[in-house]
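Asker: With the sequence up front, the predicted model follows.
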Amino acid sequence: MASRTNSGVERDGHIRVLYVEDSAELAAVVKTHLERRHEGFEVDTVTNPERVPALMAREAVDCVVSDQHMPAMTGLDLLATLRDRGHEQPFILYTSDRSLTLDGGTGPFEAVSLLCKDVGDSTFSRLATRIRECVGDHQVGEGGTD
């Protein structure tokens with residue numbers, strides 16, 4: 001088993017992703033595509049965003065990918081909760097809401113990326129690329145992975 005660095009990234013290149021999506025079916029599809037078609041991903045899924053802070057207190061996570069519109073809370077509400085609890089991992093809003101914008105780029109939004117869900121395999125490739133970019137940028141900002 002590979003050891004993890006302080007940020008949670010395994011030294012063999014695996015990235016641990018937490019995908020928060022209220023649709024269990026969609027969560028399973030995204031997990032399958034990322035793990036089987038894009039080397040180096042380990043994806044855990046959560047359908048209730050209220051469970052995420054406790055899970056992240058116990059588990060190393062490199063990147064959070066979250067839907068925006070969920071019954072219990074929005075993705076932006078989840079982001080605010082995580083930042084309030086000191087979790088600074090990259091956060092990607094993966095949503096079908098094309099009207100959503102992220103104003104600023106400071107405060108809670110500085111490590112946030114927005115990606116719109118589309119139909120087709122290319123959306124999973126874009127998501128995989130965005131996760132790698134965000135995690136890489138976050139590691140550089142922390143001074144590397146060791």
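Answerer: Noted; the coordinates are in hand. Just so it is clear, the model here is predicted, and its values are computed rather than measured.

Asker: I'd assumed residue 64 was in a strand, is it?
Answerer: Yes. Assessed by DSSP: H, G, I helix; E, B strand; the rest coil, residue 64 belongs to a strand.

Asker: beta partners for it?
Answerer: Beta-bridge partners for residue 64, by DSSP bridges, are residue 18, residue 91.

Asker: check contacts around it.
Answerer: Taking CB atoms under 8 Å, 6 or more residues apart in numbering, we find residue 64 in contact with 17, 18, 20, 52, 56, 78, 82, 87, 89, 90, 91, 92. Backbone N, C-alpha and C define where each C-beta goes, glycine included.

Asker: Now the fourth one: which helix or strand?
Answerer: With the criterion set as DSSP states H and E, the secondary-structure element containing residue 52 is helix 52-58.

Asker: counting contacts, what elements does that helix pack onto?
Answerer: strand 15-20, strand 41-46, helix 75-84 (3 or more CB pairs under 8 Å, 6 or more residues apart in numbering; DSSP states H and E).

Asker: Could you pull out the buried residues of that helix?
Answerer: 52, 56 (16 or more other CB atoms under 10 Å).

Asker: For that helix, what does the pLDDT average out to?
Answerer: Mean pLDDT, computed over helix 52-58, is 94.

Asker: buried ones in stretch 29-40?
Answerer: For stretch 29-40, by 16+ other CB under 10 Å, it's 30, 31, 33, 34, 38.

Asker: okay, those in a markdown table with secondary structure and distance to residue 64 next?
Answerer: As requested, those are exported to a markdown table (DSSP: H, G, I helix; E, B strand; the rest coil; distance: CB to CB, whole Å):
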| residue | secondary structure | distance to residue 64 |
| --- | --- | --- |
| 30 | helix | 13 |
| 31 | helix | 14 |
| 33 | helix | 18 |
| 34 | helix | 14 |
| 38 | coil | 17 |
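
Asker: Turn those into JSON lines, including distance to residue 46.
Answerer: What follows is the buried residues of stretch 29-40, written out as JSON lines (distance: CB to CB, whole Å):
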{"residue": "30", "distance to residue 46": "12"}
{"residue": "31", "distance to residue 46": "11"}
{"residue": "33", "distance to residue 46": "17"}
{"residue": "34", "distance to residue 46": "15"}
{"residue": "38", "distance to residue 46": "20"}
